[in-house]
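1. kindly return the folded structure for what I paste below:
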Amino acid sequence: AYLIMCSKAGDMFWGSVPKGAVLVAMEILFTLAMTVMDHKFGGKLATILLGIALGYSFLGMLRTRDLSIFAGLVTSAVGLAAVLLICAYKKKAAKIYNSDSLAIKSISASFTAMYFLDLKKDEYSEYSSVPDVREAVGKTGTDIRENLRRGFEKMTDPDQMESLLEFVNIDTLSERIKGQKYIRQDFYGPVFGWCSVAIYPVKYDEDGQLIRALLGIQQVDEYRKRELIYRDKLRYQASYDELTGILNRNGFFEAVGNKLEKNKDTSWLVVCLDIKNFRVVNELFGQVIAEKVLRNIAAALSAFHRESAVCGRIYGDRFAVLMQESDFTEGEIVDLLKPLTKLENESSYHMHIHAGVYHVTDPFMEISVMCDRAIEEIATVKENLQQVVVFYDQSMGDKRRQETEIINEVDNAIETGQFKMFLQP
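-> This next block holds a predicted model:
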């Protein structure tokens, strides 16, 4: 039918200019419609047939030498030019899209699932995925923050939840990813086991804020799994005490430093525990019992301390807890330590555990100094078996340090002749 219409257009141009012009105009509109709708086959066919109709019109004008046909010819030429311009624009856009599409395709090939994130509109959509991830995150949606949080909660082990949710935090993403090709973090979960999540920046606005990104989830192979397990083991050994399972000295100091830095306006206390003559327990009852005592204290501290607190074994038989002053009561500390002073099956022997408390006045002070001051105060009451909790006194601490400095200077004073002997008859 379309071919016949094109043929009739040419015929009518030879006989009737108005009728031919109407048919060619209809043909132009059809061609434009097919092109704008991006109907690939229809658009190409319409463009070809429009060219045929234009050719018929041109031949008709040459044959009859009737310039009145020129109006129809111009109409057809304008229509064809419009079609070609639209096609050229679409081809350029398609080329750009295909270039990005190829890049995205090459990236997504190594990922189990990939999502487009539109941070400006707060929307996301799936590029590729698998049923388990799709069930957790969905194919599309709004409120990126909530959906990512809910999705990764389903896919992540609880121990790694906080770290991973901080990694996919949309509010801080722009700052963290600035100047980088991508950011990546590994995690373990019940869906795929060991996985890796990566975020690639796609587009920034005029203010340099990220507005579009790609998020990919990748399953990790066996070699990588072993590498990650080994790395996590090293990280654990560097921060946790092997005997008790709580933070060791380095881990405690690091955790306390981070806590104080993030909460400068909160009033904090450092509470240190010391077992009087613990080496006697080791000598009388053996290493197994001594280690059990330390594990019991660590377990009691872990169960006792509040969510905002941090506890650790800083060395030997000494433990430390950072806690908010509002959570501290002397009575609770006494009640906590009382059952720990008894040894199982050794009812006749009681240990004595003292707690030294230091009020944090300077959050930038070395954590080791805070602990030293709390333990320093314990030394003043170590022979007092009735007093369990002792608070650090700044004035007494200054006096003790002054006495220590004087004692340390005695050797030098003797060598330089500052001491003189006077004999009285």
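2. so where's this structure uncertain?
-> Within the chain, the ranges that satisfy pLDDT under 70 run 1-47, 49-109, 191, 221-226, 228, 305-306, 344-347, 395, 397-398, 400-401.
3. can you show me the strands along it?
-> Counting by DSSP state E, the chain has strands at residues 113-118, 123-128, 140-142, 183-189, 193-204, 210-219, 268-275, 310-315, 318-324, 342-343, 346-350, 353-359, 389-391.
4. now tabulate these in a markdown table and tack on distance to Ala298 and mean neighbour count.
-> C-beta: built from backbone N, CA, C; applies to glycine. Conversion of the strands of the chain to a markdown table gives the following (distance: least, Cβ to Cβ, whole Å; neighbours: other Cβ atoms under 10 Å):
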| stretch | distance to Ala298 | mean neighbour count |
| --- | --- | --- |
| strand 113-118 | 41 | 22 |
| strand 123-128 | 43 | 16 |
| strand 140-142 | 44 | 13 |
| strand 183-189 | 25 | 17 |
| strand 193-204 | 29 | 18 |
| strand 210-219 | 36 | 20 |
| strand 268-275 | 10 | 23 |
| strand 310-315 | 6 | 22 |
| strand 318-324 | 7 | 23 |
| strand 342-343 | 16 | 16 |
| strand 346-350 | 20 | 10 |
| strand 353-359 | 13 | 23 |
| strand 389-391 | 19 | 17 |
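5. need these in JSON lines with distance to Tyr230, can you?
-> Shown next, in JSON lines, are the strands of the chain (distance: least, Cβ to Cβ, whole Å):
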{"stretch": "strand 113-118", "distance to Tyr230": "27"}
{"stretch": "strand 123-128", "distance to Tyr230": "31"}
{"stretch": "strand 140-142", "distance to Tyr230": "37"}
{"stretch": "strand 183-189", "distance to Tyr230": "12"}
{"stretch": "strand 193-204", "distance to Tyr230": "12"}
{"stretch": "strand 210-219", "distance to Tyr230": "19"}
{"stretch": "strand 268-275", "distance to Tyr230": "34"}
{"stretch": "strand 310-315", "distance to Tyr230": "24"}
{"stretch": "strand 318-324", "distance to Tyr230": "29"}
{"stretch": "strand 342-343", "distance to Tyr230": "38"}
{"stretch": "strand 346-350", "distance to Tyr230": "41"}
{"stretch": "strand 353-359", "distance to Tyr230": "38"}
{"stretch": "strand 389-391", "distance to Tyr230": "43"}
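6. ok, and the closest non-adjacent residue to Tyr115?
-> If you skip the residues right next to it in sequence, Tyr115 has Leu215 as its closest partner in space, 4.8 Å away by Cβ to Cβ, 6 or more residues apart in numbering.
7. what about the one you found, distance to Gly312?
-> Counting by Cβ to Cβ, to the nearest Å, the gap from Leu215 to Gly312 is 36 Å.
8. before we move on, what about Glu325?
-> In this structure, Glu325 and Gly312 are separated by 19 Å, where distance is defined by Cβ to Cβ.
9. and Met370, how far from Gln418?
-> Between Met370 and Gln418 the distance, using Cβ to Cβ, works out to 35 Å.
10. who's more crowded, these two?
-> Under the criterion of other Cβ atoms under 10 Å, the comparison of Met370 against Gln418 puts Met370 first, with 26 against 10.
11. surely the more buried one meets Val357?
-> No: look at Met370 against Val357 with Cβ atoms under 8 Å: they stay out of range, at 10.6 Å.
12. so what sits opposite the residue nearest to His359 when sequence neighbours are not counted in the bridge?
-> Once its chain neighbours are removed from consideration, His359 has its nearest residue in Leu269; the separation is 5.8 Å (Cβ to Cβ, 6+ apart). Partner residues in beta bridges with Leu269: Met323, His359, with DSSP bridges as the criterion.
13. next: Arg212.
-> Taking DSSP bridges as the rule, Arg212 bridges to Asp118, Lys203.
14. do I have it right that it meets Tyr115?
-> No: if you go by Cβ under 8 Å, Arg212 and Tyr115 don't touch, sitting 11.4 Å apart.
15. what sits against Ala320?
-> Taking Cβ atoms under 8 Å, 6 or more residues apart in numbering, we find Ala320 in contact with Phe252, Val270, Val271, Cys272, Leu273, Cys311, Gly312, Arg313, Ile314, Cys371, Ala374.
16. the closest residue to the third one other than its chain neighbours: what's it in contact with?
-> Translated: Val271. The spatially closest residue to Val271, leaving aside those adjacent along the chain, is Val321, at 4.6 Å (Cβ to Cβ, 6+ apart). Taking Cβ under 8 Å, 6+ apart as the contact definition, Val321 lies against Val270, Val271, Cys272, Leu273, Leu301, His305, Ala309, Val310, Cys311, Gly312.
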